[in-house]
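**Q** after the sequence you'll find the predicted model.
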Amino acid sequence: MPVTRVVLLITLLALAATSAASAGSRFAGNVCALIPTKQVTRVVGSPSHCTKAPTTPGPGSTMYVGNWAGPAGSPPLQLTISVYSDQGFLQLAKRNLKQGLPGGTPKSVAGIGSAAYEASGAGSTGIHFSVGKYVAYLSLGKPRATTSLEALAKTIAARL
């Protein structure tokens, strides 16, 4: 095989490996871009602007937080995405998805990531779920039917 064909073959294999490695990671750190404004408006009750908090390190991860304010007197919607680089901490986070949800008994939810749990308490509603190397924590600061947050969670999961 001539040298140019070998170089071409090696180049193509390298490009294929790079494409495969990046194919599963669409999230580029902009947590606010994960939910369309129209969907947020339906849940929060009025058009809302997302404010990103500074990126922070977590145990074996990097955390991205976005907050959407509601109408005056309405609690905000918050989304935290933890991107794990450490498999041990990722497995621990997945085992603990039921923890930290507002009041009530966490209930398993199908169709959102690889594992998802939701609960609604006296003051808020939340869903925690995982997709690949991502763990998402979605909460609305008022009790609400979980179907509203489930729709948001499905949109987020599809974009991770």
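**A** The structure has been received and is ready for your questions.
**Q** CA only for contacts and neighbour counts going forward, please
**A** Fine.
**Q** tally of neighbours for the closest residue to Arg159 other than its chain neighbours?
**A** Leaving aside its chain neighbours, Arg159 sits nearest to Leu34 (6.4 Å; criterion: C-alpha to C-alpha, 6 or more residues apart in numbering). Residues contacting Leu34 under the criterion other C-alpha atoms under 10 Å number 19.
**Q** separation between Leu34 and Pro54?
**A** Computed with C-alpha to C-alpha, to the nearest Å, the distance linking Leu34 and Pro54 is 17 Å.
**Q** before we move on, what about Pro106?
**A** Separation of Pro106 from Pro54 (C-alpha to C-alpha): 29 Å.
**Q** the two: which is more packed in?
**A** The residue with more neighbours, out of Pro106 and Pro54, is Pro106; 20 against 10, by other C-alpha under 10 Å.
**Q** the more buried one is in contact with Ala119, isn't it?
**A** Yes. Counting by C-alpha atoms under 8 Å, Pro106 touches Ala119, with 4.9 Å between them.
**Q** pLDDT of the one helix or strand Ile156 maps to, averaged?
**A** Counting by DSSP states H and E, the element that carries Ile156 is helix 146-159. Mean pLDDT, helix 146-159: 91.
**Q** what does stretch 41-55 give?
**A** 86.
**Q** all helices of this structure, in order?
**A** 3-23, 37-44, 87-95, 146-159 (DSSP state H).
**Q** got the CA positions of stretch 63-70 in CSV?
**A** As requested, the backbone C-alpha atoms of stretch 63-70 are provided in CSV (Å, rounded to 0.1, in the frame of the first residue of the first chain):
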residue,chain,number,x,y,z
MET,A,63,-21.8,22.1,38.1
TYR,A,64,-23.8,24.5,35.9
VAL,A,65,-26.8,26.4,37.3
GLY,A,66,-29.6,28.4,35.7
ASN,A,67,-32.4,30.3,37.4
TRP,A,68,-35.6,31.6,35.8
ALA,A,69,-37.5,34.1,37.8
GLY,A,70,-41.3,34.0,37.8
